[in-house]
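Colleague: what follows is a predicted protein model with its sequence.
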Amino acid sequence: QVQLVESGGGLVQAGGSLRLSCAASGRTFSSYGMGWFRQAPGKERESVAAISRNGGNTYYRDSVKGRFTISRDNAKNTVYLQMMNLRPEDTAVYYCAATPTWFASVSASYAYWGQGTQVTVSS
């Protein structure tokens with residue numbers, strides 16, 4: 001079992017940057033593909049980015065390509081989401097998740113979820 005704790009959210013102006021971190025418990029972090037998801041008020045949860053167990057494969061939803069970067073440090077049991085050039089439409093609660101598969105971009109593949117961190121982008 002994996003426990004996930006997100007941090008790094010906050011309030012930022014449009015065009016600004018934030019880096020989200022997700023710290024995982026346990027000694028088998030490298031056995032999990034990792035992903036970031038978000039949910040805005042009144043909207044369904046959507047995938048944002050995903051990374052394979054060894055970091056060699058990544059996925060981004062179209063609206064964040066070129067602005068967000070997912071990375072992981074298996075030695076630190078941490079996955080990151082660097083967000084640049086933020087837009088008001090990026091405002092949401094961001095969740096970190098772990099999948100026992102190598103790599104997945106759909107939420108149904110993820111078994112473990114963090115509690116989320118709020119990101120608010122003002123215009």
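Modeller: Noted; the coordinates are in hand.

Colleague: so who does the closest residue to Gln115 other than its chain neighbours touch?
Modeller: Once flanking residues are discounted, Gln115 sits nearest to Glu6: 7.0 Å by C-beta to C-beta, 6 or more residues apart in numbering. Where you see a C-beta, it was placed from the backbone N, CA and C, and this is true even at glycine. Contacts for Glu6 (C-beta atoms under 8 Å, 6 or more residues apart in numbering) come out as Leu20, Ser21, Cys22, Tyr94, Tyr95, Cys96, Gly114, Gln115, Gly116, Thr117.

Colleague: state the distance from Glu6 to Ser123.
Modeller: 24 Å (C-beta to C-beta, to the nearest Å).

Colleague: same question, Ser21
Modeller: Distance from Ser21 to Ser123, by C-beta to C-beta: 26 Å.

Colleague: output stretch 109-123 as PDB, restricted to C-alpha atoms.
Modeller: Provided in PDB are the C-alpha atoms of stretch 109-123 (Å, rounded to 0.1, in the frame of the first residue of the first chain):
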ATOM      1  CA  SER A 109      -5.800   2.400 -13.500                       C
ATOM      2  CA  TYR A 110      -4.800   4.200 -10.300                       C
ATOM      3  CA  ALA A 111      -5.300   2.500  -6.900                       C
ATOM      4  CA  TYR A 112      -3.900   5.100  -4.500                       C
ATOM      5  CA  TRP A 113      -4.700   8.700  -4.200                       C
ATOM      6  CA  GLY A 114      -3.500  11.700  -2.200                       C
ATOM      7  CA  GLN A 115      -5.900  14.200  -0.500                       C
ATOM      8  CA  GLY A 116      -5.200  16.900  -3.000                       C
ATOM      9  CA  THR A 117      -3.700  20.400  -3.000                       C
ATOM     10  CA  GLN A 118      -5.500  23.500  -4.200                       C
ATOM     11  CA  VAL A 119      -4.100  25.500  -7.100                       C
ATOM     12  CA  THR A 120      -5.700  28.900  -7.800                       C
ATOM     13  CA  VAL A 121      -4.700  31.100 -10.700                       C
ATOM     14  CA  SER A 122      -6.000  34.600 -10.700                       C
ATOM     15  CA  SER A 123      -6.400  36.600 -13.900                       C
END
